[in-house]
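> Pasted the sequence and its predicted model underneath.
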Amino acid sequence: MTTLTVLGGGQLGRMMALAAIPMGVDVRSLDPSAEATARNVSVLTVGGLGDPAALIAAATGSEVVTYEWEGVPASSTRALEHAGWIVRPSTAALEISQDRIAEKSLFTSLGIPVATHAAVSSRAELKAALEAVGTPAILKTCRGGYDGKGQTTIDGPDDAEPAWAALGPAGDLVLEGRVPFDRELSIIAVRSVDGEVRTWPLIENHHRGGILRTSYAPAPTITDELQATADGYARAILDHFDYVGVLTVELFQLGDQLLANEMAPRVHNSGHWTIEGAKTSQFENHVRAVLGWPLGETAAIAPSAMVNCIGALPDAATILGLPGVHFHRYGKSLRAGRKVGHITVTAPDAVTLHERVDALRRLLPDDVG
């Protein structure tokens, strides 16, 4: 039996394992928590993602090691590579994704436009950055931070000192000009060992409180030109790293222009719709890619929406009576701000999709979606 080790045992690792099992793949996971949600669908090693002994224990017997989170220490994947394991995607992509300045520099070098920004490591540099970038702007930590964490808004000069007080102790920062975008999009792509690239349709994403709440795919009113631009961005990044696996690029749309926000070298929350809404899910194609197997088709088979369950879960018996609804619980304890499940809605057309999502929302707890 083919064996795959996943560094991280969260919901992304869980869904990766659920896609791998029908293909005859034995999945092992490494996570610091014995309650990791991947525990029921994989052989779980409990240990730190930076613990050499735990890494070796989880990887032993596996043909390939992958990861479900860009917070995995790059030193860990590099150590496994040096010890002879195949790690996909590579450490090089992981490292760049962990540093917002390096990430934006990469995008720029590849001809991918980004928001105006400046590096900040002191109060004096923050002042200079504000003069160069202007306001409104967003101050972010260069490393770490997700779902709205590790960032604060600067609307004017009076906000500079509170922003520095909040984030200055975190280390290197980046100031980004706030983009007056029309909407937020993401492009998810997969690259095989032999360099074949496939992309899913562009996805429209809606956030609240810095957390993704709802995604629509294919994104409404996307032109062929806009899709081609996004595909080109993803391909440029994939080819740069000789990348293997699924990659996500988060984008801002301004009219007919796309700006890259950041990349995630992994399967992505905005791609959960692919389980029911695409010919091959992002999870299955990631497993196929990293194991060196042929890729599956990525075309959408139906208009789809994904609604995140944040901190609370709906009653399954209530929502599953609605047409086109598919419910995914992650087996995690409930906690405010925590992603504990998602609901996919499919429909024959975009109008019906929005009607079904509206009907679903009327049945959801306030914190869900």
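Received, thanks. Bear in mind that the values here come from a model prediction, so they are computed numbers and not experimental data.
> Which of the three states applies to Ala118?
strand (DSSP: H, G, I helix; E, B strand; the rest coil).
> Would you check that it makes contact with Lys127?
No - using Cβ atoms under 8 Å, Ala118 is not in contact with Lys127; the gap is 10.8 Å. For glycine as for every other residue, the C-beta is placed from the backbone atoms N, C-alpha and C.
> Give me the distance between Val307 and Asp256.
Val307 sits 29 Å away from Asp256, going by Cβ to Cβ, to the nearest Å.
> and these two? which has more neighbours close in?
Set Val307 next to Asp256 and count neighbours by other Cβ atoms under 10 Å: Val307 wins out with 26 against 10.
> What ranges does this protein have for its helices?
Secondary structure of the chain by DSSP state H: the helices cover 11-20, 52-59, 74-82, 91-97, 100-109, 123-133, 160-167, 224-241, 274-277, 282-290, 316-319, 350-361.
> For Lys140, which of those is the nearest?
helix 100-109 (6.2 Å; Cβ to Cβ).
> Just the CA trace of the closest one, in CSV.
Presented in CSV, the C-alpha positions along helix 100-109 are these (Å, rounded to 0.1, in the frame of the first residue of the first chain):
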residue,chain,number,x,y,z
ARG,A,100,5.3,38.5,3.4
ILE,A,101,8.1,40.7,2.2
ALA,A,102,9.9,37.8,0.4
GLU,A,103,6.5,36.7,-1.0
LYS,A,104,5.8,40.1,-2.5
SER,A,105,9.3,40.3,-3.9
LEU,A,106,8.8,37.0,-5.6
PHE,A,107,5.5,38.1,-7.1
THR,A,108,7.1,41.3,-8.4
SER,A,109,10.0,39.4,-9.9
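> for the stretch 251-369 of the chain, which spans come out with low pLDDT?
367, 369 (pLDDT under 70).
> change it to 50
Low-confidence segments of the stretch 251-369 of the chain (pLDDT under 50): none present.
> need the strands for it, in chain order.
Taking DSSP state E, counting those that start in this stretch, the strands of the stretch 251-369 of the chain run over residues 257-264, 304-310, 325-329, 339-346.
> Next, the angle from the third one to strand 339-346.
Compare the direction of strand 325-329 with that of strand 339-346 by axes from the mean of the first three to the mean of the last three Cα atoms, to 10 degrees and you get 160 degrees.
> Now do the buried residues in strand 325-329.
325-326, 328 (16 or more other Cβ atoms under 10 Å).
> before we move on, what about stretch 232-242?
Within stretch 232-242, the residues scored as buried using 16+ other Cβ under 10 Å are 232-238, 241.
> How about stretch 289-303?
289-291, 293, 295-296, 298, 300, 302-303.
> one step back: using TSV, please lay out the buried residues of stretch 232-242 together with pLDDT and distance to Gly271.
Formatted as TSV, the buried residues of stretch 232-242 follow (pLDDT from 0 to 100; distance: Cβ to Cβ, whole Å):
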residue	pLDDT	distance to Gly271
Gly232	98	19
Tyr233	98	16
Ala234	98	12
Arg235	98	17
Ala236	98	20
Ile237	98	16
Leu238	98	15
Phe241	98	19
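> closest to Glu262 among those?
Using Cβ to Cβ, those come closest to Glu262 at Ile237, 11.2 Å.
> That closest one and Leu247 touch, don't they?
Yes - applying Cβ under 8 Å as the test, Ile237 and Leu247 come out as touching, 6.4 Å apart.
> Between these two, which contacts overlap?
Common neighbours of Ile237 and Leu247 are listed as Met263 (criterion: Cβ atoms under 8 Å, 6 or more residues apart in numbering).
> picking that back up, nearest to Ala34, of the buried residues of stretch 289-303?
Lowest distance from Ala34 to those (Cβ to Cβ) belongs to Val290, with 25.8 Å.
> Tell me how the protein divides into domains.
Domain ranges of the chain: 2-87, 116-177, 183-361, per automatic domain parsing.
> quick one, which of those domains is nearest to Glu103?
Closest among the domains of the chain, once you apply Cβ to Cβ, is domain 183-361, at 6.0 Å.
> first to last residue in the closest one, what's the distance?
Counting by Cα to Cα, to the nearest Å, you get 21 Å between the two ends of domain 183-361.
> Quick check: the closest residue to Glu95 other than its chain neighbours vs Tyr67, distance?
Computed as Cβ to Cβ, 6 or more residues apart in numbering, the closest residue to Glu95 that is not its neighbour in sequence is Ala74, at 4.5 Å. In this view, Ala74 and Tyr67 are 10 Å apart by Cβ to Cβ.
> overlap in contacts of these two?
Common neighbours of Ala74 and Tyr67 (Cβ under 8 Å, 6+ apart) are Leu94.
> The two - which one has more neighbours?
Tyr67 (28 against 17).
> how much space is there between the closest residue to that one other than its chain neighbours and Cys142?
Spatial nearest neighbour of Tyr67, chain neighbours left out: Leu7 (4.0 Å); criterion: Cβ to Cβ, 6+ apart. Per Cβ to Cβ, Leu7 is found 22 Å from Cys142.
> Serialize the domains of the chain to TSV and add fields for distance to Thr108.
Below are those laid out as TSV (distance: least, Cβ to Cβ, whole Å):
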stretch	distance to Thr108
domain 2-87	20
domain 116-177	10
domain 183-361	9
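> quick one: which of these is nearest Ile101?
Nearest to Ile101 among these is domain 116-177 (5.3 Å), distances taken as Cβ to Cβ.
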